[in-house]
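Chemist: Make a model of this:
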Amino acid sequence: MKRGIAFGLGLLAVSTATGAVAAPKVTGTLGDHAVLQRNQPVVVTGTAVAGEAVTVVVAGTSAQTKAGRGGQFRVSLPALPAGGPYEMLLIAPSGTSQIHDVLVGDVFLCSGQSNMELPVERAQDAIGAIMGSTDDQLRLVTVAKATSPVPLDRFGTQPEWAAAGPKTTGSFSAACFYMAQELRKTGKVPVGAIHSSWGGSQIAAWMGEDAQRAAGRGAQADLLKLYARDPAAASRAAGLEWERWWRDRSGDQPGREPWQPDAALDWQAVPKIDFYEHWGVPVLESYLGMLWYQKTITLTAAQARQMATIAIGAIDDADRTWINGKPVGGRGGWDVRMYTVPAGTLQAGRNVLTINVENAYSTGGMPGPADAMRLTFADGSSVPIAEGWRYAVAKRIEGTSPRVPWDDITGAGTIYNAMIAPLGQTALAGVAWYQGESDTAIPGYADRMKALMAEWRHQVAVPQLPFAIASLAGFGTPAIAPGESGWAQVRDDQRRAAQADGHAAVALAIDLGDPLDIHPGEKHEVGRRLARAMGALAYGQTAPASGPQVSGVVRDAGGGATVTFAGVTGALHARGAAQPIGFELCGPAAGSCRYAAATITGNRVTLAGDGKPASRVRYAWADSPAVNLVDDAALPAGPFEMVVR
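Modeler: A predicted model of the protein is given here:
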């Protein structure tokens, strides 16, 4: 009898192992140790043998569907209350798979750029936070960085969940972790935190096709679709667009642009292949802008007849490359460039390679490595191109140059397609968003934020999905006089987008910044403020979501103005001074703003008139402003610009 039992168990083991090869597999973020969103239908997607019935069983509920011709399946189970852990079974004729240790609670998605990506181990209070982070009811998962020109239905690397603890917390997003940790106290249910961010990314890269079109970026969406079908045609179109942009902004006539082989610029010898800040040229040690690079290559007739590839090493930040005045490529990001050179581009004898390099932050230029810089022909031969370069500083042009929509971090949905679209209809309790630094020179952020929120809500089928938006922290040289600020404009766009939405709120970080560090380490308080905003939006907490937010500006008889704030806990106060600072009265013209003397009464701030026109009021309007207006909850007032009524 024992032999019979053993034989039967052996057959079961063989059957299970064989069946597991074809057993259903899940997509999205579902996996061992995952958290499912409570009180919403549980949507499970995955792959199985085409045409087979797939049954999903979890927490005493089940649902069945049939895999389509491509093997994909989607099944929706009834909403579940908070609880667990549970085992989930996926049963099909070809095999059964099991997902272990599943909790049901609240799931939050955290996304954005580097200030969301910055991990707990790099935050200010990392050691204590990591060592005290053990919580089996708080689960963390990070989506691997990836891009795609088309929306994907599954992640390239399946995300893996883990419970919070000393071995897992340190590498996880600090702002996201601290928010989730705080929300565990609020909801008193299991919490799952999904982290999907990418440093340096523009908001456009996180917007799918629908959001692109809603924000007036239909042309970029169309060009990305062309790239997915015909990369060479898309590259040519992008090159022509960049050239039109340059001529419109510079006034250069066709045939007299700097990328022409005989362009007459103030050419200087490139000292070495390296970041230009390392050349020892004083005017370039802190230069942000464009440089032109040029090099002459002499080729034989046999070489010139061939198709080729050109490798120019890494570029920081963006390039546009021509050979003999013909565009051959260009994109943003900091990775190695290699472009196809179509047959007919090269010519026997003299060939001129011209590269425009644009740097918007920190180091810039062509850092190489030199031995990777090479022109390689179709027959396998090649010529090195690291020597003999010259450069010229480009004329100053307002704004940034057009980026190709297939760029990793500045594209038209490239990150969305690979890091958000595969979430499918993953049920969520809310989204925390910390991004905007890379958009500070690009108008229309409020429209892009509105379009992104609408698209993500549509994807997860939650029309009122809460969004907690981290308002940009201060960074840069502190202001000593009123002026224009792209950072302030993004903060104001974030405020306006949240106020117009009705299901979004900003979490202020203006007082938590560092003028010398674009990645300030104080993420614990950022997380708490995100949790406060999310608590009001997702849990109905009565405390103001954001703290003091401007609600109106009216003109005073003396030519000044009174600013009223909503969301004030108690009353407003001037921290460390007798009066609030950072307020400006402005006329209609640019450059007409001046600092204003201010006094506080309750939830109002009165600005004294100065005899000059005052049609606008601004507050904290600088990249790194000095601010001191807070309420009894120690929350700062948010930056704004508003017309005087």
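Chemist: Run through the neighbouring helices and strands of the helix or strand hosting A505.
Modeler: Secondary structure assignment for A505, by DSSP states H and E: strand 504-507. Judged by 3 or more C-beta pairs under 8 Å, 6 or more residues apart in numbering; DSSP states H and E, the packing partners of strand 504-507 are strand 467-470, helix 486-501, helix 523-538. Using the backbone N, CA and C atoms, a C-beta is placed for each residue, glycine as well.
Chemist: Buried deepest among the ones you listed, which one?
Modeler: The highest mean neighbour count among these, using mean count of other C-beta atoms under 10 Å, belongs to strand 467-470: a mean of 27.
Chemist: Can you show me the helices along the stretch 151-300 of the chain?
Modeler: Using DSSP state H, counting those that start in this stretch, the helices of the stretch 151-300 of the chain run over 174-187, 209-214, 218-229, 231-250.
Chemist: Mind putting those into JSON lines with distance to G83 and mean pLDDT?
Modeler: Formatted as JSON lines, the helices of the stretch 151-300 of the chain follow (distance: least, C-beta to C-beta, whole Å; pLDDT from 0 to 100):
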{"stretch": "helix 174-187", "distance to G83": "13", "mean pLDDT": "97"}
{"stretch": "helix 209-214", "distance to G83": "35", "mean pLDDT": "98"}
{"stretch": "helix 218-229", "distance to G83": "42", "mean pLDDT": "97"}
{"stretch": "helix 231-250", "distance to G83": "49", "mean pLDDT": "94"}
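Chemist: Could you list the low-confidence segments of the stretch 451-600 of the chain?
Modeler: By pLDDT under 70, the stretch 451-600 of the chain has no low-scoring segment.
Chemist: returning to that earlier point: which stretch among the helices and strands packed on strand 504-507 comes nearest P369?
Modeler: Between P369 and those, the tightest spacing by C-beta to C-beta is seen for helix 486-501, at 33.5 Å.
Chemist: So for L512, which of the helices and strands packed on strand 504-507 sits nearest?
Modeler: helix 523-538 (5.8 Å).
Chemist: What residues are bridge-paired with R320?
Modeler: On the basis of DSSP bridges, R320 is bridged to N356.
Chemist: mind giving me CSV with the helices of the stretch 151-300 of the chain and columns for mean neighbour count and distance to G560?
Modeler: As requested, the helices of the stretch 151-300 of the chain are exported to CSV (neighbours: other C-beta atoms under 10 Å; distance: least, C-beta to C-beta, whole Å):
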stretch, mean neighbour count, distance to G560
helix 174-187, 24, 38
helix 209-214, 20, 40
helix 218-229, 18, 44
helix 231-250, 16, 40
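Chemist: and T157, which of the ones you listed is closest to it?
Modeler: With C-beta to C-beta as the criterion, T157 lies closest to helix 174-187 of the helices of the stretch 151-300 of the chain, at 18.8 Å.
Chemist: what packs against the closest one?
Modeler: Secondary-structure packing of helix 174-187 (3+ C-beta pairs under 8 Å, 6+ apart): strand 95-112, helix 114-117, strand 135-142, strand 191-197, strand 430-434, helix 523-538.
Chemist: hmm, back to that, would you format the helices and strands packed on strand 504-507 as a markdown table with distance to S148 included?
Modeler: Formatted as a markdown table, the helices and strands packed on strand 504-507 follow (distance: least, C-beta to C-beta, whole Å):
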| stretch | distance to S148 |
| --- | --- |
| strand 467-470 | 24 |
| helix 486-501 | 27 |
| helix 523-538 | 28 |
